[in-house]
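> next come a sequence and a model predicted from it.
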Amino acid sequence: MNIRAKYYFASLTFLAGIILSIIGIGYATFIHLSRISNPFDIRLTYGLIGVGLFVTLAGLNAMIRGRLNVSSYITALGVTLASIGVVAFLLSYPENWKYPNVTYIVATYACGICVLVGNAFAKVILNLIEEKSKVKEEISEEEIEKVIDESLKRVVEFSETTLRFRDVSTEGFKPGKAFMFDRGKTIKVRDEVSEVEELKRIRGERVEIRDEEVEDATKLLKETIKKKEGKFWR
């Protein structure tokens, strides 16, 4: 059975369960069902409602996609327990509908309904968790960068297609004197300042410093420090 046929079968099961429940409720309303009603009417009414309820839940479980193979077995277990409860009610009412039979039958049916509801809830939660993990895996850093590049490309294309400069008319424009001024001949003078030459030499090659220059600079530095200290102690 392919996925489409399985989904259609589950949908029909779900719809059949709802119809059975509606028929049971409608029949009970039509005959004005009460505890003193005909036992056949009571068995028929509660039988229809009971079967409709677990058939609806079974169809709902089949419609929800399951991630675990065990989920189908859990659905079958719930249907089995609920079916046993309904059949036991139909066979025991009204002669054997007394304690402890009532407790066993109701507990069996309730367990089946709880199993079906819990299985459907677990399927939904697992599907949500898997969908979130898929979204996180699909959105990688490369895709984010690709989206950013496409957005920037669109912005550039938009600016190229929509941004236009107006043609400015130059009619009646008269240039000032600065445009007509003749600067004449230009004379270039070679800069022979010694400091400039030293900077050029430092930038282009290694500089050799003589010991005498270092001693003179050291003496000058010592004298400056002594003068500052003398001013400080005053």
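Structure received.
> rest of the way, CA atoms for contacts and neighbours
Will do.
> for the closest residue to residue 77 other than its chain neighbours, give its distance to residue 54.
Nearest non-adjacent residue to residue 77, counting by C-alpha to C-alpha, 6 or more residues apart in numbering: residue 112, 7.2 Å away. According to C-alpha to C-alpha, to the nearest Å, residue 112 stands 8 Å off from residue 54.
> what is the mean pLDDT for stretch 215-232?
On average, the pLDDT along stretch 215-232 is 67.
> so where's this structure shaky on pLDDT?
Residue ranges of the chain with pLDDT under 70: 1, 67-68, 132-145, 155-214, 217, 227-234.
> what sits closest to residue 105 if chain neighbours are left out?
Once flanking residues are discounted, residue 105 sits nearest to residue 85: 5.1 Å by C-alpha to C-alpha, 6+ apart.
> how many neighbours does residue 103 have?
Residue 103 has 11 neighbours, counted by other C-alpha atoms under 10 Å.
> correction: the previous question concerned residue 59.
Residue 59: 24 neighbours (other C-alpha under 10 Å).
> is it true that residue 63 touches residue 10?
Yes - applying C-alpha atoms under 8 Å as the test, residue 63 and residue 10 come out as touching, 5.4 Å apart.
> that older thread, right, and the residue nearest to residue 77 touches residue 79 too?
Yes - here residue 112 lies in contact with residue 79, judged by C-alpha under 8 Å, at a distance of 6.2 Å.
> any common contacting residues for the two?
The contact sets of residue 112 and residue 79 overlap at residue 54 (C-alpha atoms under 8 Å, 6 or more residues apart in numbering).
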